[in-house]
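**Student:** no sequence on this one, just coordinates:
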DNA sequence: CTTTTATTTCTATATTTCTCGAAATATGGA
DNA sequence: TCCATATTTCGAGAAATATAGAAATAAAAG
C-alpha cells in the first residue's frame, strides 16, 4: 500500500456516517447488507449513504454486488488489513516476526 | 473508545504529513524522536509539524515529553490498539475469542 | 541578563469536504 | 410498455481543515 491509498482509507473512515456504516458491515461480515437496510439502520438519507458508501468502496474498505434491485455491501477485511499493515510497517524497526502475525489475523473471519 | 475519539484519530492520520510523522514514530518506537529531527527528516516547516504533532497528540496517537530544549515525541501504540479495537468491534458478530488476541498484540513492541 | 536554539501559538488565506434534494439510472413485475 | 422500488449522480452552499510566516514562549549557555 502507498501513502495515497492509506490516506484515502483513513479519510474514508474519519467521518461519523461512514465509520458507522463500515462498523455495521464489519459486524455483519462476511455477508454484508443491502444499501437500503444500512440507510434505514443508520437513519441516513439514501443519497448521503450512497455517496459515503462509494467513498468507502473507492478506498478499498467495502465491496458492492448487485442483487436484483438492491446492492449488497460488504466490509473488505483484506483492505482493512492492508491499512493496518501500512500503519505498522517496520514497527519498532523490528523484525517482521513480531508484527506480521497480528496483521494477517485481521482477516480472521 | 467512542465514535468521537475514533474519528479524531482517523482524521489525524488521514493527512500526508501527519501520517508520515506517525509512521516515522512507529518505526522508532518505543524511543521516539525530537520534534526537530522529525521536521528535518520529513522536510516540513517547524510550525506545520508542530500543528500536526499536536493534532496526533490530542488524538491519543503520540505522546510528548520535554528533554531540555527539545521535545521528544513517541508513537502511542496503545492508542493505536484502541483504534483498531473500535474498528473491529463485534467483528463478524463473532465471539471475541477470534479478534481480541489480534488487537492486544498491536502493542507488540 | 542577553543570546541562541527548539518549539509552539496565532492568524489569515486557500483548499477540501459534507450534506441532501432533485433528477437520473437500473431492475423487476403487472 | 408502464409503474414501483432501489440506488446513484449532480449541484451548490455551508462547514471544516491545511498551510506556513511572524511573533511568542521555553530552556540552556555564556
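**Tutor:** Ah, there it is. Just so we're clear, the structure is a prediction, and the values are computed from it rather than from any experiment. Numbers count the residues shown, from 1 in each chain, chains lettered A, B, ... in the order given.
**Student:** hang on, residue A:72 in a strand?
**Tutor:** Yes. Using DSSP: H, G, I helix; E, B strand; the rest coil, the assignment for residue A:72 is a strand.
**Student:** For it, give me its contacts.
**Tutor:** Counting by C-beta atoms under 8 Å, 6 or more residues apart in numbering or on different chains, residue A:72 makes contact with A:32-35, A:64-66. For every residue, glycine as well, the C-beta is placed using N, CA and C.
**Student:** let's see 7 Å
**Tutor:** When contacts are counted by C-beta atoms under 7 Å, 6 or more residues apart in numbering or on different chains, residue A:72 is found next to A:32-34, A:64-65.
**Student:** Run through the bridge partners of it.
**Tutor:** Residue A:72 has these beta-bridge partners by DSSP bridges: residue A:34, residue A:65.
**Student:** Could you check stretch A:25-39 against DNA strand D for contacts?
**Tutor:** Yes. If you take C-beta under 7 Å from any atom of the strand as the test, stretch A:25-39 does meet DNA strand D, through A:34-37, A:39.
**Student:** ok, so of those residues, who is nearest chain B?
**Tutor:** residue A:37 (14.9 Å; C-beta to the nearest C-beta).
**Student:** Quick check: that closest one vs residue A:75, distance?
**Tutor:** Applying C-beta to C-beta, to the nearest Å, the value for residue A:37 to residue A:75 is 14 Å.
**Student:** cool, residue A:17 as well?
**Tutor:** The separation that residue A:17 has from residue A:75, given C-beta to C-beta, amounts to 15 Å.
**Student:** List the buried residues in the host helix or strand of residue A:25.
**Tutor:** Assessed by DSSP states H and E, residue A:25 sits inside helix A:16-27. Of all the residues in helix A:16-27, those buried under the rule 16 or more other C-beta atoms under 10 Å in any protein chain shown are A:17-27.
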